[in-house]
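Peer 1: Just to be clear, the model below is a prediction. Sequence and coordinates:
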Amino acid sequence: MAFCSSQPPYLNPGIPFSGKIQGGLQDGLKITINGTVLYCNGTRFAVNFHSGYSDKDIALHFNPRFEEGGYVVCNTKQNGTWGPEERKMHMPFQMGHPFELCFLVDSGDFKVTVNGSHFVQYSHRVPFHRVDTLSITGAVQLSFIGFQSTGVWPVNSAPITQTVIHTVHSTPGQPFPNPVIPPVVYPTTTYPVPFFTSIPGGLYPSKSIFVSGTVLPTAQRFHINLRSGCDIAFHLNPRFDENVVVRNTQINSSWGSEERSLSRQMPFARGRSFSVWITCEGYGLKVAVDGQHLLEYSHRLKNLPAINNLEVGGDIQLTHVQA
């Protein structure tokens, strides 16, 4: 099975969303959408794969509808005309709850999973390579749209989730850079928590790290640690029992002084999905949550290349990591 890096993610995109799929759809491309179904903004949402930005040609219209007990419609529009609907009389989404929705492009169909479980297959009615645009509308809030070129699921086999972890480089003014270093691939069905992985090359200015997941409904705390050997160069620790985000450094098993103040309210909430983007600069780290700047943290360990391991643990379900 072949693996390669693909375009960087969209973080915290607004609704309605419309964005380009770099290079168009390809056999083996997986598109992952993380978000939350809203209570009050209607009874439907839709994910559309377009040829261009026009809505006259939609290769796949994926449309959960919460009326009549809940069902999902799939369809194709050609030259402004809808084809016959395919209905799945089952609703895998819940209002007010986060979800992970994945589309894998196969040579013969789209394979769709919801929250890690296979949901539906939709045979191509038009050549999928013409599709170069993704749009999402309706009663959802989005936190993450990711792209992974993960090869092809074998014919007549159950879908296999491939977790791709890769290094991202950024430059000033370009928040979502193209991956440069080939990805390290972890072929697992889920991320274990606690989760550990190396950071190839360690930290240096412009290195970025991305973590997304969902806070468990009964969560007390979770943490993201950037480690240098036995030391923790950066400890990011949301605490729901204290309603605070603690930052610190541990050297020779001793913690330094905590940093707790924030310029805005606690951005994490129990039962909600989140995305954390950590960018290394020469003076320190910049942290954004759900696409909005949260804090800065000055380097206390100065040997940045030695900060070469990432640890994520605590009361979360982990969905994506780029390290």
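Peer 2: Perfect, thanks for sending it. The shown structure was predicted, so the numbers you read here are calculated from the model rather than taken from an experiment.

Peer 1: so what's the closest residue to residue 224 other than its chain neighbours bridging to?
Peer 2: Counting by CB to CB, 6 or more residues apart in numbering, residue 224 lies nearest to residue 236, which is 4.4 Å off, once chain neighbours are set aside. Backbone N, C-alpha and C define where each C-beta goes, glycine included. Beta-bridge pairing of residue 236 under DSSP bridges involves residue 224, residue 247.

Peer 1: State the distance from residue 236 to residue 257.
Peer 2: 15 Å (CB to CB, to the nearest Å).

Peer 1: Stretch 283-294: which residues count as buried?
Peer 2: 285-291, 294 (16 or more other CB atoms under 10 Å).

Peer 1: Please put the alpha-carbon coordinates of it into CSV.
Peer 2: Only the C-alpha atoms of stretch 283-294 are listed here, as CSV (Å, rounded to 0.1, in the frame of the first residue of the first chain):
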residue,chain,number,x,y,z
TYR,A,283,12.0,33.0,21.2
GLY,A,284,9.4,30.4,22.1
LEU,A,285,6.2,28.6,21.1
LYS,A,286,2.9,30.0,19.8
VAL,A,287,-0.3,28.0,20.5
ALA,A,288,-3.6,28.4,18.6
VAL,A,289,-6.7,26.5,19.5
ASP,A,290,-9.5,26.0,17.0
GLY,A,291,-7.7,28.4,14.6
GLN,A,292,-7.5,31.2,17.1
HIS,A,293,-4.3,32.4,18.9
LEU,A,294,-4.3,31.5,22.6
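
Peer 1: Need the residues that contact it.
Peer 2: Contact with stretch 283-294 is made by 11-13, 143, 226, 234, 236, 245, 262-264, 267-268, 274-279, 295-299, as judged by CB atoms under 8 Å, 6 or more residues apart in numbering.

Peer 1: how far is it from where the chain is centred?
Peer 2: Its chain's C-alpha centre and that of stretch 283-294 lie 16 Å apart, by CA atoms, centre = their mean, to the nearest Å.

Peer 1: Buried by neighbour count: which residues of stretch 92-111 qualify?
Peer 2: 92-93, 98-106, 109-111.

Peer 1: Lowest pLDDT pick from these?
Peer 2: Lowest pLDDT of the buried residues of stretch 92-111: residue 98, 81.

Peer 1: On the strand side of things, show who that one bridges to.
Peer 2: residue 36.

Peer 1: Would you agree it is in contact with residue 33?
Peer 2: No. Taking contacts as CB atoms under 8 Å, residue 98 lies outside contact range of residue 33: 11.1 Å.

Peer 1: quick one: the strands in the stretch 101-250 of the chain?
Peer 2: With strands called from DSSP state E, counting those that start in this stretch, the stretch 101-250 of the chain shows them at 109-114, 117-123, 133-138, 140-149, 163-165, 168-169, 184-186, 195-198, 207-215, 222-228, 231-239, 244-251.

Peer 1: I'd like the ones you listed written out as CSV, with distance to residue 43 added.
Peer 2: Shown next, in CSV, are the strands of the stretch 101-250 of the chain (distance: least, CB to CB, whole Å):
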stretch, distance to residue 43
strand 109-114, 18
strand 117-123, 19
strand 133-138, 9
strand 140-149, 12
strand 163-165, 33
strand 168-169, 37
strand 184-186, 38
strand 195-198, 36
strand 207-215, 23
strand 222-228, 33
strand 231-239, 33
strand 244-251, 35
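
Peer 1: Which one, of these, ends up nearest to residue 87?
Peer 2: Using CB to CB as the measure, strand 117-123 is the one of those that comes nearest residue 87, at 10.0 Å.

Peer 1: Other residues contacting that closest one?
Peer 2: Contacts for strand 117-123 (CB under 8 Å, 6+ apart): 60, 62, 72, 74, 86, 88, 90, 92, 108-113, 158-159.

Peer 1: repeat that with 10 Å
Peer 2: By CB atoms under 10 Å, 6 or more residues apart in numbering, the surrounding residues in contact with strand 117-123 are 59-62, 72, 74-76, 86, 88, 90, 92-93, 101-104, 106, 108-114, 153, 158-159.

Peer 1: Now for residue 202, how many residues are close by?
Peer 2: Residues lying near residue 202 (other CB atoms under 10 Å) number 18.

Peer 1: hmm, I was thinking of residue 88
Peer 2: Counted with other CB under 10 Å, residue 88 comes out at 17.

Peer 1: Okay, and the beta partners of the closest residue to it other than its chain neighbours?
Peer 2: Counting by CB to CB, 6+ apart, residue 72 is the residue found nearest to residue 88 once chain neighbours are left out, at 4.5 Å. On the basis of DSSP bridges, residue 72 is bridged to residue 64, residue 88.

Peer 1: you'd agree residue 252 is up against residue 228?
Peer 2: No. Residue 252 lies out of contact with residue 228 (CB atoms under 10 Å); the separation is 11.5 Å.

Peer 1: Pick out whichever of these two has more residues nearby.
Peer 2: residue 228 (20 against 6).

Peer 1: show me the contacts for residue 143.
Peer 2: 9-13, 33-36, 98, 212-214, 272-275, 289-291, 319.

Peer 1: repeat for residue 77
Peer 2: 48, 50, 55-61, 83, 125-126.
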